[in-house]
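*Asks:* When you get a sec, could you give me coordinates for this:
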Amino acid sequence: MTPDNEIDFRVILESMPGLFLALNSSFEIMAAGDECLKVMTSDSSQVIGRSIFEIYEQSQCNETFADSLRMSLNRVLETGESHSLQAPFTATFGHDAARKVRRIDNRPVLNADKKVSHIIHRLELEDTHEQNQSSPIDEEKLMRAILDRAYNSFIAIDSDGIITDWNHQAELTFGWTREEIIGKSLAETIIPPEYREAHNRGMAHYKVSGEGPVLNRRIEIQSLRRDGSTFPIELGIFPVHLGSKYSFCAFIADISERKAMLKKLEEQSEELVRSNSELQRFAYVAAHDLREPLRTIVSFTGLLAADKTINFNEEAQENMSFIIEAGKRMQQLITDLLTYSRVESAAKASVLTSSESIFDQTVAEMKVSIEEAGGSITHGPLPEVMADPSQLSQLFLNLVGNALKFRGEKPPVITVSAVRQDADWLFSVKDNGIGIDMKFAERVFQMFQRLHGVAEYPGTGIGLALCKKIVERHGGTITFQSEPGEGTEFLFTLPVIK
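*Replies:* Numbering: from 1, shown residues only. Modelled structure (predicted):
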């Protein structure tokens, strides 16, 4: 049972005369009345949660009855209307002697969407029929109990807009008691003044056409409390026809807390966007301002090292080499950070893109690196996707570059392919390199998380983090499969063009 429409059937059925069970839509027993438990000679723990068919099977009912019962319950689910089984049968409940069941009634309980959420299952035994005839079940009292224990407000109005029913939750939500509100106009009580004219037009339109724009669906509007304050509600209104007359039933949920939470989330989201935007601007400005002095340091250190008029000793020459190498690494790091920070801010709109053409162009640009590594690259058919071409090229560049860098003793062999999986294309970039221990799986796509020293494999530790950001910006995911010494396969998805 969901919190929006939960009803405490246990509380209701305990006090109801007669043999009642409450079933869910899977025909499992959710609650049982005290009288029903006495007949079955079972405590609730032996009944609750079990299928109604298990209970009857234990009571030695025949298969014909079980089929009839299933037909009746399914009919209630499908139509939302009550159904009864009249044919008598004999059942043995618990350790009692056989009892003849005279009649079974299955009545639906509807939620706010007019779907059957539960079924009230009532038995009438032959030997209690006369007692039941003299003391019939007060079905109006049963419905009153159900409505007053619902978590949503329930309001009924007649064809003139006059309130005819008002449950306990409506009392708590709006501030009027049932006795105070019955007979009053809905428009003059809980509808804010600015919406009353539209409400009255809708009522008049329904009288003429039998249609209404807000009927049989959920809407969100403002409502009015007794103290004059307004608040947001979720409302479902359903017309009910009784012969030539009709009325309207409304199920209402106060969504003030939900709206406040959504507003808070929106504010946090806006603040996050603003903060990220400022951070990107800062990263760009800082990186831009750092590049020039770094370039000066590297250039002048190189000039000093090359100056033959100055007799630097071996240690000084080595120190200048360190300065130049460190400066170049910092320049590359700044370039990579700029690229990473601008995946969102400098991205172009996605367009229809041939991933095969982009891959071929990327491989052509890497021709020198591929030849120096003695590598070979093959690919199968690659699809058209919606993408930023420059970012898709960057993605292939990083993944292929990774395969070339982390190669083993054998010449690198790189295979690229793509297969369709439901609504996505699954791309594979597979190599025969040194592989990755899967215990480092969580670190691989994080910034600056290097698994090898700079001297062994140069780089900034940003490349795969950049791949992840590009793929996620395009609505995909990226993972990998690997084994040390056996190569690595990077797998990423991009949505199929709709």
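*Asks:* rest of the way, CA atoms for contacts and neighbours
*Replies:* Noted.
*Asks:* all strands in the stretch 301-450 of the chain, in order from the N-terminus.
*Replies:* 351-354, 376-379, 384-387, 413-421, 424-430 (DSSP state E, counting those that start in this stretch).
*Asks:* nearest to residue 83, of the ones you listed?
*Replies:* strand 413-421 (45.9 Å; C-alpha to C-alpha).
*Asks:* Residue 218 contacts residue 234, doesn't it?
*Replies:* Yes - the pair residue 218 / residue 234 is scored as a contact, 6.6 Å apart, by C-alpha atoms under 8 Å.
*Asks:* In JSON lines: the strands of the stretch 301-450 of the chain, plus distance to residue 177 and mean pLDDT.
*Replies:* As requested, the strands of the stretch 301-450 of the chain are exported to JSON lines (distance: least, C-alpha to C-alpha, whole Å; pLDDT from 0 to 100):
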{"stretch": "strand 351-354", "distance to residue 177": "60", "mean pLDDT": "92"}
{"stretch": "strand 376-379", "distance to residue 177": "74", "mean pLDDT": "93"}
{"stretch": "strand 384-387", "distance to residue 177": "58", "mean pLDDT": "93"}
{"stretch": "strand 413-421", "distance to residue 177": "58", "mean pLDDT": "94"}
{"stretch": "strand 424-430", "distance to residue 177": "56", "mean pLDDT": "95"}
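*Asks:* Can you tell me which of those strands is nearest to residue 45?
*Replies:* The nearest among the strands of the stretch 301-450 of the chain, by C-alpha to C-alpha, is strand 413-421 at 46.4 Å.
*Asks:* Let me see the confidence value for residue 94.
*Replies:* Predicted confidence (pLDDT) for residue 94: 53.
*Asks:* go on, the one 10 residues further on?
*Replies:* The model reports residue 104 with a pLDDT of 88.
*Asks:* One more: residue 466?
*Replies:* For residue 466, pLDDT reads 88.
*Asks:* Ok, residue 88 next?
*Replies:* 61.
*Asks:* Could you do the one 10 residues further on as well?
*Replies:* Per-residue confidence (pLDDT) for residue 98: 60.
*Asks:* One more: residue 337?
*Replies:* With respect to pLDDT, residue 337 has a value of 71.
*Asks:* now residue 59
*Replies:* Predicted confidence (pLDDT) for residue 59: 58.
*Asks:* any idea which helix is longest in the chain?
*Replies:* helix 256-306 (DSSP state H).
*Asks:* would you turn the strands of the stretch 301-450 of the chain into TSV with distance to residue 397 and mean neighbour count?
*Replies:* As requested, those are exported to TSV (distance: least, C-alpha to C-alpha, whole Å; neighbours: other C-alpha atoms under 10 Å):
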stretch	distance to residue 397	mean neighbour count
strand 351-354	16	14
strand 376-379	13	13
strand 384-387	15	20
strand 413-421	12	17
strand 424-430	11	20
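*Asks:* These into JSON lines, with extra columns for distance to residue 323?
*Replies:* Formatted as JSON lines, the strands of the stretch 301-450 of the chain follow (distance: least, C-alpha to C-alpha, whole Å):
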{"stretch": "strand 351-354", "distance to residue 323": "43"}
{"stretch": "strand 376-379", "distance to residue 323": "36"}
{"stretch": "strand 384-387", "distance to residue 323": "40"}
{"stretch": "strand 413-421", "distance to residue 323": "35"}
{"stretch": "strand 424-430", "distance to residue 323": "36"}
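*Asks:* Fine, thanks again, bye for now.
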